[in-house]
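**Q** Got a predicted structure here, sequence first:
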Amino acid sequence: MSFRSYLILMSIASVAAWIAWAVVLHGVDPSLSGQMGYILFYLTLSIALFGTISVFGVLIRLWKDRTAIAVRVTMQAFRQALLLTALFIGSLVLFSQGWFRWWTMLLVVIIVSFIELAFVSKKHRH
């Protein structure tokens, strides 16, 4: 698969995930569907966010540095998209449970920052 076809396929998948999230948002009643409605909401939103952030991350990195290697840029964008998606979904879950406070979010951001720092420092050691 070429890099261009990867970007096109990932973009189409992200748009499909956003459409699926909109269908879940407007078509699923959480009081009737129970836990499955919440799972579908968070799952479709996670997939849509991850795809969108990773595609934009790849495009922005390649736009900034045209000599960058596409595979490395893609792996970095995937990792950061996963961390940002986990941060966003985690904050939504904390908010829905009533545990969203400034200090809990600060703790979550610090943990995510240390995870990213571990990956960046590992890359520089080799």
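**A** Looks like it arrived, so ask away. Numbering: from 1, shown residues only.

**Q** And the contacts of the helix or strand of the chain with the lowest mean pLDDT?
**A** Counting by mean pLDDT, DSSP states H and E, the chain has its least confident helix or strand at helix 30-33, which shows a mean of 84. Outside of helix 30-33, the residues within contact range by Cβ atoms under 8 Å, 6 or more residues apart in numbering are 37-38, 40-41. All C-beta spots, glycine's among them, are computed from the backbone N, C-alpha and C.

**Q** how about the helices of this protein, start to end?
**A** Along the chain, the stretches classed as helices by DSSP state H are 3-27, 30-33, 35-64, 70-97, 102-125.

**Q** Could you tell me how many residues sit around Leu62?
**A** For Leu62, the neighbour count with other Cβ atoms under 10 Å is 18.

**Q** now Trp21
**A** Count around Trp21 with other Cβ under 10 Å applied: 20.

**Q** Likewise for Ser14?
**A** For Ser14, the count of nearby residues is 20 (other Cβ under 10 Å).

**Q** from memory it sits against Ile53, does it?
**A** No - applying Cβ atoms under 8 Å, one finds Ser14 not in contact with Ile53, separated by 9.1 Å.

**Q** sorry, back to before: buried subset of the contacts of helix 30-33?
**A** With burial judged by 16 or more other Cβ atoms under 10 Å, the buried subset of those is 37, 40-41.
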